[in-house]
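Visitor: Got a sequence here, can you build the structure:
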Amino acid sequence: MKSSILNGYEVSLATSRKSDQIIGLLKDVAKWLQEQKVDQWGFLAGGGEDEEIRQAIQRKETFIVRRDREVVGTFTLCQEQSWWDQHTWGKLNDEAIYLHRLALKRSEIGSGLGKVVLKWLETDLKNQGKRILRLDCVGENLKLNDFYLSNGFHKVGENDGHSLYQKDL
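Guide: This is a model prediction of the structure:
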């Protein structure tokens with residue numbers, strides 16, 4: 001994936017220089033989720049995923065979304081199943097791409113940016129010849145579940161309290 005401009009936002013591969021900013025954004029969203037009484041990303045909020053996030057950046061799996069040079073979003077795409085993907089989905093060998101830690105700055109929530117990012121992802125992955133995009137989210141996070149359903153993802157199961165979503169590209 002190369003840097004792209006969409007609707008005034010720039011999507012690009014994250015660099016190690018942005019690690020602290022990305023972790024800060026993710027922790028801010030995790031804190032907001034806790035304030036909303038949504039049981040998601042509690043481990044992340046406490047710093048439990050800091051090293052995993054840094055490693056994903058080093059492996060060139062993490063992206064940032066910027067507007068006017070400010071990081072307003074992030075997401076991670078894994079070409080191979082992580083330990084978590086194997087736990088929730090089972091061990092699969094079908095070349096699916098796994099989306100993790102899609103997060104927007106609080107001021108962007110509800111702006112439509114999430115939908116724009118998903119559409120960009122789908123188009124870019126399809127252009128690369130990828131066929132399947134998967135993700136999971138906490139089953140009790142009804143707004144997020146509705147968001148993925150309204151963006152064309154299909155719920156294909158549940159495991160360990162998480163909804164499993166897939167979209168054919």
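Visitor: For this protein, which segments are assigned as helices?
Guide: Using DSSP state H, the helices of the chain run over 19-35, 42-45, 50-58, 83-89, 113-127, 142-150.
Visitor: who does the fourth one touch, helix- and strand-wise?
Guide: If contacts are counted by 3 or more C-beta pairs under 8 Å, 6 or more residues apart in numbering; DSSP states H and E, helix 83-89 sits against strand 132-138, strand 154-159, strand 162-168. Every C-beta, even on glycine, is put in place using the N, C-alpha and C of the backbone.
Visitor: and if we set it to 7 Å?
Guide: strand 162-168 (3 or more C-beta pairs under 7 Å, 6 or more residues apart in numbering; DSSP states H and E).
Visitor: What ranges in the chain fall below the confidence cut-off?
Guide: For the chain, applying pLDDT under 70 flags the ranges 1-6, 42-45.
Visitor: Please name the residues that touch the residue in it sticking out farthest from the centre.
Guide: Most distant from the centre of the chain: residue 68, at 21.4 Å, with distances by C-alpha atoms, centre = their mean. Residues counted as contacts of residue 68 (C-beta atoms under 7 Å, 6 or more residues apart in numbering): none.
Visitor: Right, I'll leave it there.
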